[in-house]
Structure formats: C-alpha cells, structure tokens
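Trainee: Dropping a prediction and its sequence here:
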Amino acid sequence: MNAPDGRSPRLRLSEIFASIQGESTRVGLPTVFVRLTGCPLRCVWCDTEYAFQGGETRSIDDIVNAVATFGLRHVCVTGGEPLAQKDCPALLRALCDAGHAVSLETSGALDIGAVDARVSRIMDLKAPGSGEAARNRWENLALLRRGDEIKIVLAGEDDYRWACEQIAAHDLAARCEVLLSPVAGQLDPASLAEWIVRDRLPVRFQLQLHKVLWADARGK
Ligand SMILES: C[S@@+](CC[C@H](N)C(=O)[O-])C[C@H]1O[C@@H](n2cnc3c(N)ncnc32)[C@H](O)[C@@H]1O
Ligand SMILES: Nc1nc2[nH]cc(C(=O)O)c2c(=O)[nH]1
Ligand code: SF4
Ligand SMILES: [Mg+2]
C-alpha cells in the first residue's frame, strides 16, 4: 500500500502480542495489541516507558499481516503515543479494511481528527497528577463520537476533584463513555469506587485487568 505521494508508509513498532483487553469498555475481549514506539509526553506514572524508544521499522502491510496470524477480530493500537507517527491513521484504516474491530489508545494531546470513523478512540484526559495536564488538546472533545471513550487516570483525591470539575464543565458524560481509573499501585481502587458511588458520578470505574492477572509483565 502506498501513500498518495507514492511513499510506502512505515511505522516504528515496539511490539505485537495477543492478550486479554485490560482497559476500556472492551475489557475481557481477546485482542491483538499493536504497540507503536515513541511518545512526546512523560506522564510521571507511565507504565510503558520501554516503548519510548527502540523497536523496529515495519510497513503497514507487514503489520497487518502480522496481526492476521493471531486470528483475532479485536485489535488495539497503542504505544507510546500512536498518533505521534504520521502514518498511524493509514495503519488504522488498513486494519479496519482487513475486517478488524479496531480501538486506539491515545493521550488526548494530539489531533484525533484524522482517525478513521470505524475506529473507537479511547482518549485520555491527563489529570494534573500526571504532570502533563497542560498538553490536553481540548479541541478534541468536539470530535468525539458515541463509540469513543474518555479515560481519566487518577493519582489521588486532587485528581478526582479535577475530574469531577471537567466532567461538569465540558458535559463529558453526554459526549461518550467516561472511564475513571486509579494509577496502579498509587490510588486505592476501593477509595475511587466509593467516591464515584458517593457522588453519583455518571462514569464507569475501571481497573487494568491485565495487571490483576499478570502484574506488570511486558507483552501482556
Ligand atoms: C501506556 S498508554 C499508551 C497510549 C497513550 N499514550 C495514552 O496515554 O493514552 C495506555 C493507557 O495506559 C494508561 N496508564 C499508563 N500508566 C498507567 C498506570 N501506572 N496506571 C494506570 N493507567 C496507566 C494511560 O493513561 C493510558 O490510558
Ligand atoms: N492486556 C492489556 N490491555 C491493554 N489495554 C490497553 C493497553 C495499553 O497499554 O494501552 C493494554 C496493555 O498493555 N495490556
Ligand atoms: S502519554 Fe501514554 S505512553 Fe506517553 S507517557 Fe503518558 S501514559 Fe505513557
Ligand atoms: Mg498498558
């Protein structure tokens, strides 16, 4: 497959593996993960720093063929920050064309507008405790559709209060599903669950299921 300028699109790939989807409303579904290399953000609690560099350069056809060998319908493109690579939208389109149900994990710092409408965009809003809240691209909110999801990962009670403010100020729950997740090992999940019920917050509580199953193992 060639880009309009005749270039063969290539991406820097960190890893491809099959696992159980541990995040988003697709949690529990057997899924192929395509993890792209590189990220312009540095969330202080990032659990995937190994994907900031390294990996190998692969064509879109190579990646689609590698995904096909797993024989699974669901594919999740993540990173690193996948949208930091200019050929990511072409990869997402190719995976949809190959018949996959595709989701994208993205930081919310980059424009989500070029992503194929068949893709479910799981978009973080970075809370202050991440150290990267200034990077939130608020214009993205207007682009969200019903099948997309907003995720806010919380390091503590201050982040929870910030999330409540954003949900109210931007009417987030009316736009799409909103997921609140604790930073693993940092915010007690039971506390977050209690706050959500106490405040009747119109969100979905989420824990990273893969960490319950496999702790911090790589490629899981
Ligand atoms: C590793 S990121 C890759 C995609 C993209 N860069 C982003 O931040 O959404 C995938 C998801 O893992 C979440 N995440 C990373 N480290 C985490 C941690 N320590 N605890 C909970 N969630 C975490 C991120 O907030 C994001 O929703
Ligand atoms: N099992 C599993 N599910 C995931 N969902 C999103 C992930 C990510 O790193 O973006 C992830 C991951 O790394 N592993
Ligand atoms: S944007 Fe995503 S990959 Fe980048 S540092 Fe933050 S959590 Fe990690
Ligand atoms: Mg992960």
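Mentor: All right, it came through fine. In this text, all values refer to a predicted model and were calculated from it rather than measured experimentally. Ligands and ions are numbered 1, 2, ... in the order given.
Trainee: which strand of the protein spans the most residues?
Mentor: For the chain, the strand with the greatest residue count under DSSP state E is strand 10-20.
Trainee: That strand - which strands sit beside it in the sheet, and in what orientation?
Mentor: Partners of strand 10-20 in the sheet, by DSSP bridges, are strand 30-36 (antiparallel), strand 56-59 (antiparallel).
Trainee: Any regions of the protein where pLDDT drops low?
Mentor: Residue ranges of the chain with pLDDT under 70: 1-7.
Trainee: Which positions in it make contact with ligand 3?
Mentor: Residues of the chain lying near ligand 3 by CB under 6 Å from any ligand atom: 39, 41, 42, 43, 46, 48, 79, 80, 81, 107. For glycine as for every other residue, the C-beta is placed from the backbone atoms N, C-alpha and C.
Trainee: Including distance to residue 92 and neighbour count, could those residues go into TSV?
Mentor: Listed next are the residues of the chain next to ligand 3 as TSV, based on distance: CB to CB, whole Å; neighbours: other CB atoms under 10 Å:
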residue	distance to residue 92	neighbour count
39	17	21
41	20	19
42	25	12
43	23	22
46	22	19
48	19	17
79	13	25
80	15	27
81	14	24
107	16	27
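Trainee: How about the residue sitting nearest the centre point of the chain: what's its closest non-neighbour residue?
Mentor: Geometric centre of the chain, nearest residue: residue 105, 1.7 Å, by CA atoms, centre = their mean. In space, and not counting its chain neighbours, residue 105 is closest to residue 78: 3.9 Å by CB to CB, 6 or more residues apart in numbering.
Trainee: circling back to that earlier point, return the most buried member of the strands paired with strand 10-20.
Mentor: strand 30-36 (a mean of 23; mean count of other CB atoms under 10 Å).
Trainee: Just give the number of residues close to residue 154.
Mentor: Neighbour count for residue 154, taken as other CB atoms under 10 Å: 24.
Trainee: distance of it from ligand 2?
Mentor: Counting by CB to the nearest ligand atom, to the nearest Å, the gap from residue 154 to ligand 2 is 17 Å.
Trainee: beta partners for that residue?
Mentor: The partner list for residue 154 in beta bridges (DSSP bridges) reads residue 182.
Trainee: List the contacts of it.
Mentor: When contacts are counted by CB atoms under 8 Å, 6 or more residues apart in numbering, residue 154 touches 127, 129, 160, 163, 180, 181, 182, 183, 187, 192.
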